[in-house]
Each structure stands twice: as C-alpha cells, then as structure tokens.
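Asks: Okay, sequence plus prediction incoming.
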Amino acid sequence: MRILVCPGDGIGPEIIAASIDVFGKADQVFDLGLQYDYEDIGFASLEKYGTTLRPEVLEKAPTYDGLILGTVSHADYPPPEKGGRNVSAAFRCDLDLYANVRPSRTRSFLTSNMREGKSMDLVIMREATEGFYPDRNMHLGWGEMMPSPDMALSVRKITRHCSERIARRAFELAMKRKKKVTAIHKSNSFHMTDGLFLECVRHVAKDFPEVELNDLLVDASTAHLVRNPEKFDVLVATNFYGDIISDLAAELSGSLGLGGSVMAGDKLCCAQAQHGSAPDIQNQDKANPTSMILSVSMLLRWIGEHRQKPNFSAAADAIDTAVDAVLANPESRTADLGGTMGCKAFGLKVAESVQKS
C-alpha cells in the first residue's frame, strides 16, 4: 500500500512524524505493507517552487492508496495569484474528497468541557466541496466580490448532487452506529439553499427506513450540543455549519487535539488533523499529535473497508485502543492536557502500545 505524505506547515511535520511512528508499528504488527512518498506543500513548497501546491502533487495523488496531509497555514499564504493556494481546499475539490468525517467523543479518564454528568459520542459528516467557501464554490473565479470599496458580497452554492451524496454517507455510517441522523440547517432563513439541502437529506432517508432522521436549526444545535450531547449520533451538515459545530464538539470533548478527521471520497481518502497549524509552538516538541494519529487510524479503517483488507481495520482498532491507553495515564499526556510529555515521546508511547488484540 502506497501512502503519499505531505507534512505541511507549523506543527504539521512534528505531528506527522509522530503518526508515522505509530503507522510503522502498526505496519509491523499487522503486516500492512506500507510504503511512503513525501512531498512538500505549504510554505516549504512556496519557498522551493513559488507555490504552496504544485499541480503535479495533485495529479499523482490519486495513484496512491491513501494520503496524509499535515496542518496548513493558509490564512497566512500570499494571494492565489502569488502562489498561495489553499492546500486543504485543493485536495477536497480537485480530488473530490467531499466527506469531511469528524468524530468527537468524551473519555471517562479525561476532563471534558461539558456539563457534569454529560458524555458524547458522535460523528459530524461535513460536506467539504461547496457552500459558503469562496475558494471552492465557483468553476472559474472567486465566490466573493466587492462591487465598491464599501460593499462586499459572498455567494453560497448548494447543489443536489453534493447534498445527496453527503447525506447518503451519513446514513450509511448511522447504520453501523446507533441509527440516528440529525440534519443541521437554517432553512427558516436560507429558504432555497438550506431548503434544498434538507430536501435532499429527506429524499435519501427513504432508502434507510431503519434510521431515525431529525433536523435541527444550526443555532439550536450549538445549544443542544452543550445541553444534551448524548442525543446525537451522526450529524450531517453543509460545509460552513459542519466546520463550526465540529470545532465546538471537539472542544467540548476536551480539546481540539483529541478528534481524528479524514477527507474521504468514493475512491480515495486523506487523513488530516482537525486542528490548525499552531505556528506559535512549532519546532518546540509541544504539539499534541493525538488528532493526527487518530486521523491516520481512520485512514486505515477506510482502506480496510473499501479495499476489503481486514488487517487494516484491525490495525485501526489497535491504534485507537493504544491512544486511549496512553491518554489514561496522566504522566503520558502532552502539555495541553496537563501533562509534560513531548510530541515525539507521545507518538513513540502510542506506538509501543499498539499490539494485536
């Protein structure tokens, strides 16, 4: 299995290195046959090639069995015409990695940011290729414009095709979990765009009669995530809403650094941590690599399910178990969780804990 690794910006190279340590141990234990190729992206690529993402990297990405993408500092990139392309957006749109899958769960041995007695175990299915994002909702051009110096406009795009396929992935996932889907929207204000999204979700729901479907206004969903998180199983949302509520859910679970994330399409999957590039702590061995390690685990699970490779699914189970085992020991936690362990040592500790069940 060939894996393309793009370390990225900020803490990206550090958390990628920690996850590769874990990957390597899982490869040994479960005979995964992994091979890695590395490519620069982000500022490293900008310095070498004058662009944050070379076209040839995107062109060869589909030839791999899986992708690992580090954190990116796209808010700090120069304008696109000067080489500053948003790498995450390019991966999602050009490779059609339309499903941003973001689980969040509490752990009994870690302090969460939830009300006392509350727990959470949910997955947010975020559509990632359109919506209110101006860098990906136009075939040509940009989805924002300024007709005058004192007026700015932004265009939102919602399509039936993208809404139906993210809804279908959400219902398929719910069938493996608690058989509940909640559609997040704001159709009382966005009658046509969110109305179309909700119509599509309800249409797909007819193919999954065993799954309970609810819908919830996005503003109300934030309140319910705080008050009644246990009511949720799988949440499906358009790009903008999914981005916001997934950060909320991750932070409620204890930290943005505790949730894995993948960008998945029908034929390819890319692991990428939920959080940002944290340049303020880069090269200090302070980063928490948990999210990246769990993202790599999700990639293994995707390969296992889509390529009929049960050893990959078993490896994902082992990594998840190892992460929890390490986090359960207060002395093995990184600084953001009250511990003193560095990024590199944490990755090695998880790798040591990976074993066949």
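Replies: Received, thanks. Residues are numbered from 1 along each chain as shown.

Asks: Is it correct that Asp215 is in contact with Lys186?
Replies: No - in this structure, Asp215 is not within contact of Lys186 by Cβ atoms under 8 Å, at 10.6 Å. C-beta coordinates here come from the backbone N, C-alpha and C atoms, glycine included.

Asks: neighbour-wise, which of the two wins?
Replies: Between Asp215 and Lys186, counted using other Cβ atoms under 10 Å, Lys186 has the larger neighbour count: 21 against 17.

Asks: Next up, the contacts around the more buried one.
Replies: Asp194, Leu217, Val218, Asp219, Tyr241 (Cβ atoms under 8 Å, 6 or more residues apart in numbering).

Asks: Quickly note the distance from it to Val155.
Replies: Distance of Lys186 to Val155, given as Cβ to Cβ, to the nearest Å: 17 Å.

Asks: Distance check, the residue nearest the centre of the chain against Leu97.
Replies: For the chain, the residue nearest the mean C-alpha position is Ser261 (2.8 Å; Cα atoms, centre = their mean). For Ser261, the distance to Leu97 equals 11 Å [Cβ to Cβ].

Asks: what do you get for Ala249?
Replies: Counting by Cβ to Cβ, the gap from Ala249 to Leu97 is 21 Å.

Asks: What ranges does the stretch 51-200 of the chain have for its strands?
Replies: Shown for the stretch 51-200 of the chain, the strands assigned by DSSP state E, counting those that start in this stretch span residues 66-69, 99-105, 121-127, 144-148, 151-154, 180-185.

Asks: Neighbouring strands - and their directions - for the fourth one?
Replies: What that stands for is strand 144-148. Its sheet considered, strand 144-148 pairs with strand 151-154 (antiparallel) by DSSP bridges.

Asks: now the strands of the stretch 51-200 of the chain in CSV, with mean neighbour count, mean pLDDT and distance to Lys48?
Replies: Shown next, in CSV, are those (neighbours: other Cβ atoms under 10 Å; pLDDT from 0 to 100; distance: least, Cβ to Cβ, whole Å):
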stretch, mean neighbour count, mean pLDDT, distance to Lys48
strand 66-69, 25, 98, 18
strand 99-105, 24, 97, 28
strand 121-127, 25, 97, 32
strand 144-148, 10, 94, 30
strand 151-154, 10, 96, 33
strand 180-185, 24, 98, 41
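
Asks: what would these look like in TSV with distance to His306?
Replies: Listed next are the strands of the stretch 51-200 of the chain as TSV, based on distance: least, Cβ to Cβ, whole Å:
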stretch	distance to His306
strand 66-69	10
strand 99-105	12
strand 121-127	16
strand 144-148	36
strand 151-154	35
strand 180-185	21
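
Asks: Which among the ones you listed is found nearest to Phe43?
Replies: Smallest distance to Phe43 across those (Cβ to Cβ): 14.5 Å, for strand 66-69.

Asks: Give me the distance from that closest one to the chain's centre.
Replies: Distance of strand 66-69 from the chain centroid (Cα atoms, centre = their mean, to the nearest Å) equals 12 Å.

Asks: If you count contacts, what does that strand end up packed against?
Replies: Helices and strands touching strand 66-69, by 3 or more Cβ pairs under 8 Å, 6 or more residues apart in numbering; DSSP states H and E, are strand 2-6, helix 12-30, helix 87-94, strand 269-271, helix 290-306.
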